[in-house]
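[1] no FASTA, just this:
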């Protein structure tokens, strides 16, 4: 009779010991997928847009380049922004409505295929899903190649024009309690540029204009 009791007692201790050892292992295994799945994916609803300026939304722009040595500077007004107004409840269920970003690069593409980077207009900005946030500054592109051409008296078309603006930003989105992710984004505007003016013997003036779209 005592032998039977001893066997049962050992079996219970073995079971309890095995269960106690397995609990942390099971808990850790269950926690690992949860931790990896808790980092949200970068949203796709933040896009290129146009902020409200003077009560209107417009992609219209103008710029005048004074050409010397077949080089000129093309400066754009502050009409470009980050549009997060399409981020709805699926965004706010994960992220906080306000976010910050840094403009790391701005590239102008001309109709001849050449590209130029701006050293101006880069820096930090802020956005919100209720608005289109303006870029931190205007973009200025220097040493743009502007060949001889155009019309006498400044009338007629000048053939080399801005066609595209590409801006790279790094957004920081807040979620949970004190957590954040960084999401790189590339924004593009079609500039639809036209120009008038004359460049002769490497010098002249060219007036650019257009209405940008996304």
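    Yes, it's here. These figures come from a predicted structure and were not determined experimentally.
[2] going by C-alpha atoms from here, please, whenever you check contacts or count neighbours.
    Noted.
[3] what's the distance between the closest residue to residue 200 other than its chain neighbours and residue 197?
    Leaving out its chain neighbours, the residue that sits closest to residue 200 by C-alpha to C-alpha, 6 or more residues apart in numbering is residue 148, at 5.1 Å. Counting by C-alpha to C-alpha, to the nearest Å, the gap from residue 148 to residue 197 is 10 Å.
[4] which one of these two has more residues nearby?
    residue 197 (22 against 18; other C-alpha atoms under 10 Å).
[5] what element comes up after the helix or strand containing residue 188 heading to the C-terminus?
    Element membership for residue 188 (DSSP states H and E) is strand 179-190. Next helix or strand after strand 179-190 toward the C-terminus (DSSP H and E): strand 194-200.
[6] residue 70 - how many residues pack around it?
    Neighbour tally, residue 70, other C-alpha under 10 Å: 18.
[7] and it, how far from residue 118?
    19 Å.
[8] please apply the same query to residue 91.
    Taken as C-alpha to C-alpha, the span from residue 91 to residue 118 is 32 Å.
[9] that older thread, buried residues, the strand holding residue 188. List them.
    180, 185, 187, 188, 189, 190 (16 or more other C-alpha atoms under 10 Å).
[10] now those residues as a markdown table including pLDDT and distance to residue 128?
    Output for those, formatted as a markdown table (pLDDT from 0 to 100; distance: C-alpha to C-alpha, whole Å):
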| residue | pLDDT | distance to residue 128 |
| --- | --- | --- |
| 180 | 96 | 15 |
| 185 | 96 | 16 |
| 187 | 97 | 17 |
| 188 | 98 | 19 |
| 189 | 98 | 20 |
| 190 | 98 | 24 |
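[11] pick the one among these closest to residue 157.
    residue 190 (19.2 Å; C-alpha to C-alpha).
[12] distance of the closest residue to residue 134 other than its chain neighbours from residue 93?
    Of all residues not flanking residue 134 in the chain, residue 81 sits nearest, at 4.1 Å (C-alpha to C-alpha, 6+ apart). Look at residue 81 and residue 93: by C-alpha to C-alpha, they are 24 Å apart.
[13] who has more neighbours, those two?
    When residue 81 and residue 93 are compared for neighbours, residue 81 comes out ahead with 22 against 11, by other C-alpha under 10 Å.
[14] return the residues in contact with that one.
    Counting by C-alpha atoms under 8 Å, 6 or more residues apart in numbering, residue 81 touches 48, 49, 50, 51, 132, 133, 134, 135.
[15] what about the last one, how many residues nearby?
    A count of nearby residues for residue 135, using other C-alpha under 10 Å, gives 26.
[16] just the third one next, same as before
    Counted with other C-alpha under 10 Å, the burial measure for residue 50 works out to 25 neighbours.
[17] work out for me the element residue 141 sits within.
    strand 140-145.
[18] helices or strands up against that strand?
    strand 71-75, strand 115-117 (3 or more C-alpha pairs under 8 Å, 6 or more residues apart in numbering; DSSP states H and E).
[19] tell me the helix or strand right after it.
    Downstream of strand 140-145, the first helix or strand assigned by DSSP H and E is strand 149-150.
[20] which residues are in contact with the next helix or strand along the chain from that next one?
    With elements assigned by DSSP H and E, the helix or strand that comes after strand 149-150 is strand 162-175. Residues outside strand 162-175 that contact it (C-alpha under 8 Å, 6+ apart) are 94-96, 98-111, 180-194.
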